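Visitor: what's the 3D shape of this:
(one chain, ligands or ions: 1)
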Amino acid sequence: MPEVDSSKGEKKFYEDVPMKTEGFFLKGAGSLDWGMKNRLSRIFNPDTGRTVMFAIDHGYFQGPTTGLERIDLTIVPLMQYADAIMLTRGILRTSVPPSLTKPVVMRCSGGPSILKELSDEQLAVDIEDAIRMNVSAITLQVFIGGEFETRSVHNMTRLVDMGLRYGIPTMAVTAVGKDMVRDARYFRLACRICAELGAQIIKTYYVPEGFQTITASCPVPIVMAGGKKIPVLDALTMAYNAVQEGASGVDMGRNIFQADAPKAMMQTVHKVVHENLKPADALDMYETLKNEEQANQD
Ligand code: R5P
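Guide: Residues are numbered from 1 along each chain as shown. This is a model prediction of the structure:
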């Protein structure tokens, strides 16, 4: 039997104050359910609408990638500087302490290694396992124009359906085959297909010509993929341009963990993404932090 409300104080109903009905800060997410919005708000900072996601899932098809040989030693200490971490369940369970409260974006596709046709992927995680690991989003590759295009799209729609059942957003990664042209026309096509078929976040590559047409024609947030290691200034410029041209952040891996000073790189990318730090100033910041880091090691 609940306790009777015996307070003698006057009840306050604030009849003249309309109840606040908040909009939602993220593109295309207004009609999603509460759990989905809450998870998206853990990945994307509600103040800036952007994220710095740290991609370390490379091992799922290419084994111990340079920089990821010992996740426990070199990568876990960097996680606190990211807004979200993108990784496989194997690495999460074996190498990441559960006390880390960063939102997890879990790689849910796999199958072929670098020795085989990469588009030949299947779903590789049960949604129940993703829930057990308290993930904030699930993710997979979609190979538009690839040999197994249809299967990878169907993998995505199944993952989206499972995610919707439990309020977990799906991030589709637009994978590009070796011989495919990486231009705005291709990425507009790939991103739009993924969004039309239900992905709530898209990860795609930056292109110098017409990137804003990709973000404009995609009704959900786009995060920029980092790609192979390039000079620091180029990586910072790419991140800067991407967010200026409509990206809702970045999901970078090699350009962070293969940098000479990965912690400095992550902190600098964070400033570029969330505070619009310009590339030249960002390079200064990186060099300063790098020198401090090295001085502390000596
Ligand atoms: C795509 O193939 C995977 O998600 C990669 O492991 C990840 O996107 C790579 O990140 P980056 O290209 O920035 O190293």
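Visitor: Please make it C-alpha for all contacts and neighbour counts, starting now.
Guide: Will do.
Visitor: tell me, how many neighbours does residue 22 end up with?
Guide: As a burial measure, residue 22 scores 7 neighbours (other CA atoms under 10 Å).
Visitor: And it, how close does it get to residue 30?
Guide: 10 Å (CA to CA, to the nearest Å).
Visitor: How about residue 196?
Guide: For residue 196, the distance to residue 30 equals 16 Å [CA to CA].
Visitor: and what of residue 96?
Guide: In terms of CA to CA, residue 96 sits 33 Å off from residue 30.
Visitor: When these two are compared, which one has more neighbours?
Guide: Using other CA under 10 Å, the more surrounded residue of residue 96 and residue 30 is residue 96, with 17 against 13.
Visitor: what's near enough to touch the more buried one?
Guide: 72, 76 (CA atoms under 8 Å, 6 or more residues apart in numbering).
Visitor: Near the ligand, which residues of the chain are found?
Guide: By CA under 6 Å from any ligand atom, the residues of the chain that approach the ligand are 55, 57-58, 225-228, 252-254.
Visitor: Can you select the buried ones among those residues for me in PyMOL?
Guide: In PyMOL, a selection of the buried entries from the residues of the chain next to the ligand looks like this (16 or more other CA atoms under 10 Å):
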select buried, resi 55+57+58+225+226+252+253+254
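Visitor: which residues in the stretch 151-298 of the chain form helices?
Guide: With DSSP state H, counting those that start in this stretch as the criterion, the stretch 151-298 of the chain has helices at 184-196, 211-216, 232-244, 254-257, 262-275, 279-297.
Visitor: and the angle for the last one with helix 232-244?
Guide: In terms of direction (axes from the mean of the first three to the mean of the last three CA atoms, to 10 degrees), helix 279-297 departs from helix 232-244 by 130 degrees.
Visitor: Could you name the helices and strands sitting against helix 279-297?
Guide: If contacts are counted by 3 or more CA pairs under 8 Å, 6 or more residues apart in numbering; DSSP states H and E, helix 279-297 sits against helix 232-244, helix 262-275.
Visitor: okay, those helices in a markdown table with mean pLDDT and mean neighbour count next?
Guide: Listed next are the helices and strands packed on helix 279-297 as a markdown table, based on pLDDT from 0 to 100; neighbours: other CA atoms under 10 Å:
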| stretch | mean pLDDT | mean neighbour count |
| --- | --- | --- |
| helix 232-244 | 98 | 21 |
| helix 262-275 | 98 | 23 |
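Visitor: The closest residue to residue 229 other than its chain neighbours: how many residues sit nearby?
Guide: Setting aside the residues directly before and after it, residue 229 is nearest to residue 255 in space (CA to CA, 6 or more residues apart in numbering), at 4.9 Å. Here the count is done by other CA under 10 Å, and residue 255 has 23 residues near it.
Visitor: show me what contacts residue 255?
Guide: 226-230, 232, 235.
Visitor: any idea how far the residue nearest to residue 267 when sequence neighbours are not counted lies from residue 194?
Guide: Spatially, and ignoring its direct neighbours in sequence, residue 267 is nearest to residue 81 (6.5 Å; CA to CA, 6+ apart). To residue 194, residue 81 is 29 Å away according to CA to CA.
Visitor: which of those two has more neighbours?
Guide: With neighbours defined as other CA under 10 Å, residue 81 and residue 194 compare such that residue 194 has more, 25 against 17.
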